[in-house]
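Trainee: Mind looking at a prediction? Sequence and model below.
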Amino acid sequence: MAGQVKGNHNLDFDSQEVKTTIRGLKDIDIELAFLALLTCEGVKPSSRWEKPLDDHGLGLLQRLGLLTKQIRRTVKTGRVVTETIFSMSPAYIQLYEKRFDDTPIDKSPPTQRFEGFLFGFPPCCVDEYIRHAYTKNSLPPEQQKILFHWACKDCKITPILLPDYLRIHAYVEKC
């Protein structure tokens with residue numbers, strides 16, 4: 001359908017309410033708006049926003065039908081950071097909360113694999129990233145930069161995801 005992007009909850013991307021909500025998210029950060037729509041559409045089963053997000057931002061995510069949860073984590077200095085997790089499914093939020101609430105941030109391979117699962121990253125890309133981060137791949141730079149994972153050299157999954165990423169990214173940019 002021209003102008004419409006249909007997902008799990010059949011958001012009408014031509015509706016003024018959706019456009020207003022996306023513009024509000026873009027006012028916070030264009031990447032937040034993009035992550036929100038990728039998650040609404042089921043391209044990503046869940047997403048994490050690592051910057052502060054107030055009640056207004058949470059409300060905008062919820063207006064799109066996303067469930068949200070703020071998770072407290074700590075960095076190596078001991079400083080507490082708040083991450084916002086959002087998903088259409090409570091299961092992903094519960095999994096993230098159970099594993100990471102009130103824990104230090106770590107980049108261990110088991111953590112990266114679990115996060116890759118939660119955030120919809122192809123397992124081959126996660127494994128390659130763990131072994132050799134940012135290995136050259138065949139994607140054009142403008143496509144790699146809109147992904148939230150680094151595509152592995154011979155990925156078979158990322159090319160399947162890319163049309164949705166590109167379509168949703170174009171919508172967010174013009175909204």
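Mentor: Great, that's in hand. All values derive from a computational prediction rather than experimental measurement.
Trainee: next one: stretch 31-44 to chain centre, how far?
Mentor: Distance of stretch 31-44 from its chain centroid, counting by CA atoms, centre = their mean, to the nearest Å, is 6 Å.
Trainee: Show residues contacting it.
Mentor: 5, 7-9, 11, 22, 25-26, 45-47, 49, 53, 57, 60-61, 64-66, 86-88, 119-120, 146, 148, 161, 164-165, 168-169, 171-172, 175 (CB atoms under 8 Å, 6 or more residues apart in numbering). Every residue, glycine included, has its C-beta placed from N, CA and C.
Trainee: Residue 106 belongs to a strand, doesn't it?
Mentor: No. Going by DSSP: H, G, I helix; E, B strand; the rest coil, the assignment for residue 106 is coil, not a strand.
Trainee: phi, psi of residue 51?
Mentor: Per-residue torsions, residue 51: phi -110, psi 160 (degrees, to the nearest 10).
Trainee: mind checking how far it is from residue 85?
Mentor: 13 Å (CB to CB, to the nearest Å).
Trainee: More neighbours: which of the two?
Mentor: residue 85 (25 against 13; other CB atoms under 10 Å).
Trainee: Which strand residues bridge the more buried one?
Mentor: residue 48, residue 69 (DSSP bridges).
Trainee: check contacts around it.
Mentor: The neighbours of residue 85, taking CB under 8 Å, 6+ apart as the test, are 46, 47, 48, 49, 68, 69, 70, 71, 92, 93, 96, 97.
Trainee: Sketch out the strands for the chain, chain order is fine.
Mentor: Using DSSP state E, the strands of the chain run over 46-49, 67-74, 80-87, 103-104.
Trainee: Of those strands, flag the one that's most buried.
Mentor: strand 46-49 (a mean of 22; mean count of other CB atoms under 10 Å).
Trainee: list the helices and strands it packs on?
Mentor: helix 30-40, strand 80-87, helix 90-100, helix 109-119 (3 or more CB pairs under 8 Å, 6 or more residues apart in numbering; DSSP states H and E).
Trainee: what are the C-alpha coordinates of the shortest one, in CSV please?
Mentor: Pointing back at strand 80-87 there. Only the C-alpha atoms of strand 80-87 are listed here, as CSV (Å, rounded to 0.1, in the frame of the first residue of the first chain):
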residue,chain,number,x,y,z
VAL,A,80,24.5,4.5,37.5
VAL,A,81,23.0,4.8,34.0
THR,A,82,19.4,4.2,33.1
GLU,A,83,18.5,2.3,29.9
THR,A,84,15.1,2.2,28.4
ILE,A,85,14.0,-1.1,26.9
PHE,A,86,11.0,-1.3,24.6
SER,A,87,9.2,-4.0,22.8
